[in-house]
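Chemist: Need coordinates for the below:
(2 chains)
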Amino acid sequence: MARKVLMLLALIGVFALIASACGEPDVVDEPDVVDEPDEVDEVDEVDEVDEDEVVDEEEPYEVGMVYDIGGRGDLSFNDSAAEGLDRAIEDFNIDTRELEPDEGGENREELLRLISGEGFDLVFGVGFLFADSIEAASGDFPDVRYGLIDGFIEDLDADSNVVSLLFAEHEGSFLVGAAAALKSEADHVGFIGGVEIDLIQKFEAGFVAGAQAVNPDIEIEIAYISQPPDFSGFADPARGQEVALGQFDAGADVVYHAAGGSGAGLFEAAKDVSEAGDTKVWAIGVDSDQYLTAPEEVQDYILTSMLKRVDTAVYDTIEALVEGRFEGGYREFGLADDGVGYSTSGGFVDDIVDELEDYKQQIIDGEIEVPERP
Amino acid sequence: MNKQASKVLLSVAAPTVAVGFALLLSSAVLLLIGESPVAAYGAMFRFAARVDSAISIVNRSVPLYLSALAVAFGFKMGLFNIGVEGQYRLAALVAAWVGGVVTGLPAPLHVALIIFTAMAVGAGWAGIAGTLKVTRGVHEVISTIMLNFIGTGLGAYLLAAYFREPPAPGDLVIKTPDIPPSGQLPSLNPVLEALGVDVPGGSDLQSFLILAVLAGIVFYLLIWRTRFGYDLRVSGVSATAAAASGVNPKKMILTTMLLSGATAGLVGMPMLLGFFHRYTIDFPIMLGFTGIAVALLGRNHPVGIAFAALLFGFLDRASQILDFEAIPKEIVTIVQGIIILSVVVAYEVTHRIIQKRQAEEVAAELEGATETEEVAG
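Modeler: Next up, the predicted model:
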């Protein structure tokens, strides 16, 4: 018994030796965020731009990002925010920190306070669930600015230290709805929502309006994978596939999803149905250009994707901070500023781009008003 | 050495060795991913020494403490209540709703009503498993696990269909109505400030701490100082011996499950009454499962559990600084996992040592007795 324990310890010792030989020694040099004494002063320096220009240029802005559960690498919403941050790191002189809440999400506010207490200039909360915690934390840290992605806090104005970054998902969805109707040979399309919440109903409303703008008599299947507070509908490809198969069976030949990770099931279903039958059916992706991120074998079935440029929102907000023109309040990213849109990867919508651009212009000009509620 | 003292020493040695072993192994993991364990643990300890961290650690440990007490009730009589998770979540949801819709009660009654509701729901949900066991012989491990899933589903349905507050425009968060101030517990910050502690804004020492300490004392008195507790412990060691001494096993099982469930109902209360004041989809999860680990580490003793809960609270809070230092905070999950595995091994080893010693003592006494007999003969 004792000998075995010794053996085990010896083994660990060997591992430790090997590892420390490979490990880099520069850990000691890493900036110690907690004890940095200059941090408190920094906020002041940022505000008083004209005081000492030279120092100001050298001092990087500090930007923190608190992701929603899943964090960087979720191939979805969080990754989109991370992409914006990465682009900003390349273009601007900024220092960044990224955090992620516990599995239950109960420590969002704690993380926000933690990062705010370190004197950061700008802190993002990625996802509407941060609304309450940013509202609570922002009051205690008036010098820190906050970017709330997708979330809504009442009574913000330009002097607030919170900017609520919203998207006109209904406008983007209108365009892919039009694309679906233009491409549908059966005059029958479908929509799959992840969870039936207001935010996703906004996608549905836009999609339906877009499809009906092309063909008022079009048939539209509508289904949601789960009902709140069950949010599994955003991360259940198996059920996404079942629901999609159901819609294809019912006769739809173009199906749009706003279901996060469950969308992978739709792509699979489109491939299976197309390969089994004579007619090709299409899937439409969401948030990012899913033609580029989906597995190769399903790419041919992704007609287009509704783009929701969370990365643009993050990048623009950081740019505003760096250029000294950060403003609180509400900012909606729509078609006009390319905050939402549609993708053309794969070239499947090349033949209808003119019509889509025409609709896009009409929405921007206010000739078409897209409903936000189904 | 004094027999009692050596036994205490052994029981303290086991968890200490387990924690040490866990730190050693996770140091190896840290080195493997190219991070310095000294830097990581150093950052964690420096961070934990801050006032707001200390408060957060205590706040985190209180629900874990209650959860472990609930598990320990079952363990003490050989019942494995894995259903604390479902029990506390359902209890917190119903209690939050009751607390939110009831108005006009004076503060102490309002708080008492919320706590009582939570305990009743927790006991009721655990009681299902207890009833199934005594009437149908369904093993509580199976039934409580299944009831976790049913509880989660039922909770989701109740929240969405009945308990949800009509949302303001643009508000996407699903929640029960806010509990009015009369149903909220004040923080203990004034006490800390009176003691000269400078409490940073946004950090509140939750006063449910006092009730948790009381719960620990009640647990101790009930288990070790009453006839009921004696029967419960005997049933845990040997059900047949307990039956022979006149204990009704069915009644015992049901009572224990109800007590365990009622305690589980308390788990969500510190956060509900002291922080959230409503049930949202952000309400903490996994406290029930972590409670099992804490009860194991604390050897089902209220004092041991307190230390174990504080350790887990420390690890949870301190892990947050690791992301700041660009060290993956998941390392803390590894530490917790290894602690549990090694503590189980360590307890088994000490258990065997104690058994061996007892056997030797008995043998020695017997030998002594025979010798005396021989002399007498």
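Chemist: Do you have the helices of the stretch 201-350 of chain A handy? List them.
Modeler: A:237-249, A:263-276, A:290-293, A:296-299, A:310-322 (DSSP state H, counting those that start in this stretch).
Chemist: Now tabulate those helices in CSV and tack on mean neighbour count, mean pLDDT and distance to B:G151.
Modeler: Placement of C-beta: from N, CA and C, glycine included. Below are those laid out as CSV (neighbours: other C-beta atoms under 10 Å in any protein chain shown; pLDDT from 0 to 100; distance: least, C-beta to C-beta, whole Å):
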stretch, mean neighbour count, mean pLDDT, distance to B:G151
helix A:237-249, 20, 95, 21
helix A:263-276, 22, 94, 28
helix A:290-293, 20, 89, 36
helix A:296-299, 13, 93, 37
helix A:310-322, 22, 95, 35
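Chemist: and of these, who's closest to B:L113?
Modeler: With C-beta to C-beta as the criterion, B:L113 lies closest to helix A:237-249 of the helices of the stretch 201-350 of chain A, at 39.7 Å.
Chemist: what about B:A244, neighbour count?
Modeler: Using other C-beta atoms under 10 Å in any protein chain shown, B:A244 is surrounded by 10 other residues.
Chemist: Report the contact partners of B:G313.
Modeler: B:56-61, B:64 (C-beta atoms under 8 Å, 6 or more residues apart in numbering or on different chains).
Chemist: which stretches of chain A aren't confidently modelled?
Modeler: The model of chain A has pLDDT under 70 over residues A:1-58.
Chemist: Around chain A, pick out the residues from the stretch 251-377 of chain B.
Modeler: B:271, B:280-286, B:316, B:320-321, B:323-326 (C-beta under 8 Å from any C-beta of the partner chain).
Chemist: closest to A:M65 out of the helices of the stretch 201-350 of chain A?
Modeler: The nearest among those, by C-beta to C-beta, is helix A:310-322 at 7.8 Å.
Chemist: Any part of that closest one near chain B?
Modeler: No - Helix A:310-322 lies out of reach of chain B by C-beta under 8 Å from any C-beta, never closer than 15.7 Å.
Chemist: and that helix, what other elements does it pack with?
Modeler: Here helix A:310-322 touches strand A:61-66, helix A:77-91, strand A:122-126, strand A:145-149, strand A:162-167, strand A:329-333, going by 3 or more C-beta pairs under 8 Å, 6 or more residues apart in numbering or on different chains; DSSP states H and E.
Chemist: Make CSV from the ones you listed and add mean neighbour count and distance to B:F312 to it.
Modeler: Listed next are those as CSV, based on neighbours: other C-beta atoms under 10 Å in any protein chain shown; distance: least, C-beta to C-beta, whole Å:
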stretch, mean neighbour count, distance to B:F312
strand A:61-66, 24, 23
helix A:77-91, 19, 27
strand A:122-126, 29, 26
strand A:145-149, 27, 31
strand A:162-167, 24, 34
strand A:329-333, 17, 41
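Chemist: Let's have those in TSV, adding distance to B:G34.
Modeler: Output for the helices and strands packed on helix A:310-322, formatted as TSV (distance: least, C-beta to C-beta, whole Å):
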stretch	distance to B:G34
strand A:61-66	24
helix A:77-91	22
strand A:122-126	28
strand A:145-149	32
strand A:162-167	36
strand A:329-333	39
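Chemist: Out of those, which is closest to B:F208?
Modeler: strand A:61-66 (26.5 Å).
Chemist: partners of that closest one, with directions?
Modeler: Note on strand A:61-66: by DSSP bridges, its sheet partners are strand A:94-99 (parallel), strand A:122-126 (parallel).
Chemist: Turn those strands into TSV, columns for distance to A:A180.
Modeler: Listed next are those as TSV, based on distance: least, C-beta to C-beta, whole Å:
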stretch	distance to A:A180
strand A:94-99	36
strand A:122-126	29
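Chemist: quick one on the thing from earlier: could you flag which of the residues of the stretch 251-377 of chain B next to chain A are buried?
Modeler: B:271, B:280-285, B:316, B:320-321, B:323-325 (16 or more other C-beta atoms under 10 Å in any protein chain shown).
Chemist: For A:G341, find the nearest of the helices of the stretch 201-350 of chain A.
Modeler: Once these are compared by C-beta to C-beta, helix A:310-322 is nearest, at 9.9 Å.
Chemist: and for that closest one, what are the contacting residues?
Modeler: Here helix A:310-322 makes contact (C-beta under 8 Å, 6+ apart) with A:61, A:63, A:65, A:77, A:80-81, A:83-85, A:87-88, A:91-94, A:121-122, A:124, A:126, A:145, A:147, A:149-150, A:163, A:165, A:167, A:287, A:326-327, A:331, A:333, A:337-339.
Chemist: Right, and chain B sits closest to which residue of the stretch 251-374 of chain A?
Modeler: Closest to chain B within the stretch 251-374 of chain A is A:Y330: 9.6 Å, counting by C-beta to the nearest C-beta.
Chemist: I figured that residue hits A:S160, correct?
Modeler: No - using C-beta atoms under 8 Å, A:Y330 makes no contact with A:S160, being 9.6 Å away.
Chemist: thinking again about what came up before, Serialize the helices of the stretch 201-350 of chain A to JSON lines and add fields for distance to B:S207.
Modeler: Below are the helices of the stretch 201-350 of chain A laid out as JSON lines (distance: least, C-beta to C-beta, whole Å):
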{"stretch": "helix A:237-249", "distance to B:S207": "44"}
{"stretch": "helix A:263-276", "distance to B:S207": "46"}
{"stretch": "helix A:290-293", "distance to B:S207": "49"}
{"stretch": "helix A:296-299", "distance to B:S207": "55"}
{"stretch": "helix A:310-322", "distance to B:S207": "39"}
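Chemist: what's the closest of these to B:V17?
Modeler: Closest among the helices of the stretch 201-350 of chain A, using C-beta to C-beta: helix A:237-249, at 44.2 Å.
Chemist: Distance from that closest one to the middle of the chain?
Modeler: Relative to the centre of its chain, helix A:237-249 is centred 24 Å away, using C-alpha atoms, centre = their mean, to the nearest Å.
Chemist: Without its sequence neighbours, what residue ends up closest to A:Q299?
Modeler: A:Y291 (5.6 Å; C-beta to C-beta, 6 or more residues apart in numbering or on different chains).
Chemist: From A:D132, how far off is the one you found?
Modeler: 36 Å (C-beta to C-beta, to the nearest Å).
Chemist: How many residues are close by B:F276?
Modeler: 23.
Chemist: actually B:A369, not the one I wrote
Modeler: Neighbours around B:A369, by other C-beta under 10 Å: 10.
Chemist: hmm, who's touching stretch A:266-283?
Modeler: Against stretch A:266-283 from outside (C-beta under 8 Å, 6+ apart): A:180, A:183, A:185-186, A:192, A:237, A:240-241, A:244-245, A:248, A:252-257, A:259, A:263, A:285, A:290, A:294-295, A:297-298, A:300-303, A:348.
Chemist: Quick check on the contacts of B:G313: which are buried?
Modeler: B:56-61, B:64.
Chemist: out of the residues you listed, which one sits closest to chain A?
Modeler: The closest of these, once distances to chain A are taken by C-beta to the nearest C-beta, is B:S56, at 6.6 Å.
Chemist: In space, what's closest to the closest one - neighbours in sequence excluded?
Modeler: Nearest non-adjacent residue to B:S56 (C-beta to C-beta, 6+ apart): B:R317, at 4.8 Å.
Chemist: Secondary structure element for that neighbour, which one?
Modeler: Here B:R317 sits within helix B:302-324, counting by DSSP states H and E.
Chemist: Now do the buried residues in that helix.
Modeler: Quick answer for helix B:302-324 (16+ other C-beta under 10 Å): B:302, B:304-324.
Chemist: Which elements pack onto the following helix or strand past it?
Modeler: Note on helix B:302-324: by DSSP H and E, the next helix or strand toward the C-terminus is helix B:330-376. With contacts defined as 3+ C-beta pairs under 8 Å, 6+ apart, the packing partners of helix B:330-376 are helix B:3-32, helix B:287-297, helix B:302-324.
Chemist: Please name every helix or strand in contact with the second one.
Modeler: Spelled out, that is helix B:287-297. helix B:51-76, helix B:84-101, helix B:302-324, helix B:330-376.
Chemist: With distance to B:Y162 and mean pLDDT added, can I get the ones you listed in TSV?
Modeler: Listed next are these as TSV, based on distance: least, C-beta to C-beta, whole Å; pLDDT from 0 to 100:
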stretch	distance to B:Y162	mean pLDDT
helix B:51-76	25	96
helix B:84-101	8	96
helix B:302-324	33	92
helix B:330-376	36	84
